[in-house]
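In: Next come a sequence and a model predicted from it.
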Amino acid sequence: MTRGTRLVFLLAACAWSVLVAGVARGQDSIRVRERVERALPGAITLADVAELSGEGASRLGALVVMENAGAGETTLSVETIRGLLEARDDVNWGRLELRGSVCRVWVGKPEVVKPKAPAAKAGTEPAPIPDGPIVRRLIEERVLAELRLAAGDVRLSFDERDAELLNTSVVGRASDIALVGTSPEQPVSVTLYEGEKIAASGTVRVGVRVRRMAAVLAEDLKRGEAVTSAAVTGEERWLPHTVECVPVEGAIGRVAKGSLPRGRVLEAADVQAPLVVKKGELVRVHCVNGSFVVKTTARALGDGRQGELVTLQPVGSARTFQARMDAPGIAVLASTGGDDSLAPGARQGRVKDVKERATRAASAPVSASDEDRAARRARDARARGYADLADRKLGSDDATQKAADKKPADQRSMAKKPSTEE
């Protein structure tokens, strides 16, 4: 073989490899899925039951493989799909690959397989409830006493598996009946004593349902949406005793914490009070002490809902305090002092008495160590500071107040000079 012939064969091999690579890159693929679920009946296309790869396969996605799929499960084989594709003229089987076996198509909501309850033995009936004092009666009395409700407003259900303990007589026996925790299926601990031994013991579960007038949603609510009178209705429901339902009058005006569906019984955890102040807004504060009321303006340092404590800052001051939000833009701060605590002259007398006691304490001769004297002087300085703070007006500027309370230099030096008797 000459050199030119070898060169021709080499070029032909390169061209063939390029052609094969191009064909491989342009290969189309249809892979039939094993299972497909559809919500509504109707026509099913190839794209619904198979994964399509490649431009040519994607163009075949609109091919109808099932005309009208009804509710339930239907199987679709890959041979059926191949037959539908072969009937078309635009399918290039040289570049198309069809894979898979059988696709199970389920139309509608799949049925949930529920575990079968154990079949009752033939001829067996629930054990009859004997008359007289038994454990069941003691549990009923204990639950009613705990809920503080009438017997007609409470329904109790017992598990027949606990029938032996429930029907045990308590005549001549001491009993200890205790509720364990809190649950819709309430656990109850039972112990019976006969003389110096335990006659019977165990834990039974009691289903507790209470009759309540609850607020039920008449329409869907979105998160943050307010509850209106048209959105709720009052209905009598038998609910678990652990459910803290909201009455109709208590639900109106509150806002939903999340999306709530129609027909839901409103619980305390579902709604919350609306925002009555936002961070940075001005609030009118009513300071109440006995029969005296002082009003001032402060700025909210955070969001607040009705009935919540909010941190406020008086206008023109760096100090902060807390007050309870009562209405939009209104907060109330109540003092524990009586009416006489703010009587004319009472406050000035208290301030004067504090200053005099602080001065006497600072000048009283004592025999103590240097550390004790330093601690006493620091305490006296704090007392004088508290006395000066009582003279300040509500909402006054700190810089203005310091300038008004400024003393001559000679008085400040006399106040700071330690006593020679120490």
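Out: Here it is on my side, so go on. Numbering: from 1, shown residues only.

In: Show me what the strand ranked longest in the chain is packed against.
Out: Across the chain, the longest stretch assigned as strand under DSSP state E is strand 197-217. Contacts defined by 3 or more C-beta pairs under 8 Å, 6 or more residues apart in numbering; DSSP states H and E place strand 197-217 against helix 135-147, strand 154-158, helix 163-166, strand 185-194, strand 232-240, helix 248-251. Bear in mind the C-beta positions are built from the backbone N, C-alpha and C, glycine included.

In: just for the protein, where's the confidence low?
Out: Counting by pLDDT under 70, the low-confidence segments of the chain come to 1-26, 109-128, 130-131, 336-371, 380, 382-422.

In: Do I have it right that residue 159 meets residue 202?
Out: No: checked against C-beta atoms under 8 Å, the pair residue 159 and residue 202 is beyond contact range at 11.7 Å.

In: Pick out whichever of those two has more residues nearby.
Out: More neighbours surround residue 202 than the other of residue 159 and residue 202, with 15 against 12 (other C-beta atoms under 10 Å).

In: Same list, the helices and strands packed on strand 197-217, but as TSV with mean neighbour count and distance to residue 50 please.
Out: Below are the helices and strands packed on strand 197-217 laid out as TSV (neighbours: other C-beta atoms under 10 Å; distance: least, C-beta to C-beta, whole Å):
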stretch	mean neighbour count	distance to residue 50
helix 135-147	17	60
strand 154-158	14	52
helix 163-166	17	58
strand 185-194	17	49
strand 232-240	15	49
helix 248-251	16	51
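
In: how about these in JSON lines, adding distance to residue 328?
Out: Converted to JSON lines, the helices and strands packed on strand 197-217 look like this (distance: least, C-beta to C-beta, whole Å):
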{"stretch": "helix 135-147", "distance to residue 328": "38"}
{"stretch": "strand 154-158", "distance to residue 328": "41"}
{"stretch": "helix 163-166", "distance to residue 328": "56"}
{"stretch": "strand 185-194", "distance to residue 328": "42"}
{"stretch": "strand 232-240", "distance to residue 328": "22"}
{"stretch": "helix 248-251", "distance to residue 328": "19"}
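
In: Please identify which of the ones you listed is closest to residue 63.
Out: Residue 63 lies closest to strand 232-240 among these, at 51.6 Å (C-beta to C-beta).

In: show me the contacts for the residue nearest to the spatial centre of the chain.
Out: For the chain, the residue nearest the mean C-alpha position is residue 269 (7.1 Å; C-alpha atoms, centre = their mean). Applying C-beta atoms under 8 Å, 6 or more residues apart in numbering to residue 269 gives the contacts 244, 257.

In: cool, and the one 10 residues further on?
Out: With contacts defined as C-beta under 8 Å, 6+ apart, residue 279 is in contact with 300-303.

In: so of these, which ones are in strands?
Out: Those of the contacts of residue 279 lying in strands (DSSP E): residue 300.

In: Now for the contacts of residue 279, which sits with the most neighbours around it?
Out: residue 300 (22 neighbours).

In: So what sits opposite the nearest residue to that one once chain neighbours are set aside in the bridge?
Out: Counting by C-beta to C-beta, 6 or more residues apart in numbering, residue 277 is the residue found nearest to residue 300 once chain neighbours are left out, at 4.8 Å. With DSSP bridges as the criterion, residue 277 is bridged to residue 304.

In: now residue 72
Out: residue 107.

In: how far away is it from residue 41?
Out: Per C-beta to C-beta, to the nearest Å, residue 72 is found 9 Å from residue 41.

In: swap in residue 227?
Out: 39 Å.

In: Mind checking which of those two has more residues around it?
Out: Per other C-beta under 10 Å, whichever of residue 227 and residue 41 has more neighbours is residue 227, with 24 against 14.

In: and that one, what is it in contact with?
Out: By C-beta under 8 Å, 6+ apart, the neighbours of residue 227 are 215, 221, 251-256, 266, 271.

In: For the closest residue in space to residue 305 that isn't next to it in sequence, which residues are in contact?
Out: Excluding the flanking residues, the one nearest residue 305 by C-beta to C-beta, 6+ apart is residue 273, at 4.1 Å. By C-beta under 8 Å, 6+ apart, residue 273 lies in contact with 254-255, 305-308.

In: So residue 286 sits against residue 295, correct?
Out: Yes: in this structure, residue 286 is within contact of residue 295 by C-beta under 8 Å, at 5.6 Å.

In: Which one of those two is surrounded by more residues?
Out: The neighbour comparison of residue 286 against residue 295 (other C-beta under 10 Å) goes to residue 286, with 15 against 11.

In: who does the strand or helix carrying that one touch, helix- and strand-wise?
Out: For residue 286, the element it lies in under DSSP states H and E is strand 282-289. Counting contacts by 3+ C-beta pairs under 8 Å, 6+ apart, strand 282-289 packs against strand 292-300, strand 309-314, strand 321-327, strand 330-334.

In: Report the angle between that strand and strand 292-300.
Out: 150 degrees (axes from the mean of the first three to the mean of the last three C-alpha atoms, to 10 degrees).

In: Please spell out which residues along strand 282-289 are buried.
Out: For strand 282-289, the buried set under the neighbour-count rule, 16 or more other C-beta atoms under 10 Å, comprises 283, 285, 287, 289.

In: Just want the angle from it to strand 330-334.
Out: Using the same axes, to 10 degrees: strand 282-289 against strand 330-334 is 20 degrees.

In: now the angle from strand 282-289 to strand 321-327?
Out: Angle of strand 282-289 versus strand 321-327, following the same axes, to 10 degrees, is 110 degrees.

In: rewinding a little: just the buried ones out of the contacts of residue 227, please.
Out: 215, 221, 251-252, 254-256, 266, 271.

In: Looking at the residues you listed, which is nearest residue 58?
Out: For the buried ones among the contacts of residue 227, the nearest to residue 58 is residue 221 (43.2 Å; C-beta to C-beta).

In: residues contacting that closest one?
Out: Neighbours of residue 221 in contact, by C-beta under 8 Å, 6+ apart: 227, 231, 256, 259-260.

In: What is the nearest of the residues you listed to residue 78?
Out: residue 259 (43.1 Å).

In: Could you give the number of residues near that closest one?
Out: Neighbour tally, residue 259, other C-beta under 10 Å: 11.

In: Surely it touches residue 222?
Out: Yes: in this structure, residue 259 is within contact of residue 222 by C-beta under 8 Å, at 5.8 Å.

In: Correct me if wrong: residue 306 contacts residue 324.
Out: No: using C-beta under 8 Å as the test, residue 306 is too far from residue 324 to be in contact (9.1 Å).
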